[in-house]
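with the input below, show me the fold.
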Amino acid sequence: MLRLSKLTDYAVVVMVRLASSGAVETSRSIAHATGIPEPTVAKVLKTLAASQLVESHRGAHGGYRLVLPLEAVPIADVIGAIDGPIALTACVDGTPGLCDAENLCPLRGRWERVNDAIHQALSSITLADMAPKPALIAAPAV
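Below you'll find the predicted structure:
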């Protein structure tokens with residue numbers, strides 16, 4: 001089973017929250033709004049800041065804000081920031097010596113096609129696609 005880490009899921013929630021508020025927010029305010037524990041939010045924000053997906057502001061009115069709009073952030077970038085490069089198998093990530101059978105494997109080099117397809121799919125979905133859409137407000141009857 002392919003499964004993303006909880007931290008990646010939380011990172012998407014945190015980034016969507018930052019976009020919805022449109023302001024600099026603290027890890028405490030994000031935790032309160034999302035229900036994610038504050039130490040986890042702080043860890044996610046620190047990692048996202050290191051990957052330049054969010055930026056931190058120090059001082060009395062400090063906190064975090066998005067660097068780019070949600071439309072410009074592919075899910076693949078968030079996954080890469082939190083979990084590292086998308087690699088389905090040890091042989092796909094390009095690091096030699098991770099698989100005991102790499103020299104004899106009949107599938108060596110075959111997983112790249114699958115890995116590339118998944119990476120392309122995740123790169124085509126942005127955080128804006130993941131954000132909840134505002135409810136449609138019915139116009140009053142005339």
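
where's the longest helix belonging to the chain relative to the chain centroid, distance-wise?
Longest helix in the chain, counting residues (DSSP state H): helix 6-21. Distance of helix 6-21 from its chain centroid, counting by C-alpha atoms, centre = their mean, to the nearest Å, is 8 Å.

okay, the angle between whichever helix or strand comes after that helix and helix 6-21?
Sequence order places helix 27-34 as the next helix or strand after helix 6-21, per DSSP states H and E. For helix 27-34 against helix 6-21, the angle by axes from the mean of the first three to the mean of the last three C-alpha atoms, to 10 degrees is 90 degrees.

name the helices or strands packed onto helix 27-34?
Using 3 or more C-beta pairs under 8 Å, 6 or more residues apart in numbering; DSSP states H and E, the elements in contact with helix 27-34 are helix 6-21, helix 38-50, strand 63-66. C-beta: built from backbone N, CA, C; applies to glycine.

what's the angle between that helix and helix 38-50?
Interaxial angle, helix 27-34 versus helix 38-50 (the same axes, to 10 degrees): 110 degrees.

what sits up against the longest helix of the chain?
Residues from elsewhere that reach helix 6-21 (C-beta atoms under 8 Å, 6 or more residues apart in numbering): 25, 30, 33-34, 36, 40-41, 43-45, 47-48, 53-54, 64-66, 69-70, 73, 75, 78-79, 81-83, 127, 130-132.

can you pull the phi/psi pair for the residue most central in space within the chain?
The centre of the chain sits closest to Val78, judged by C-alpha atoms, centre = their mean, with a distance of 2.5 Å. The phi and psi values for Val78, taken as degrees, to the nearest 10, are phi -70, psi -40.
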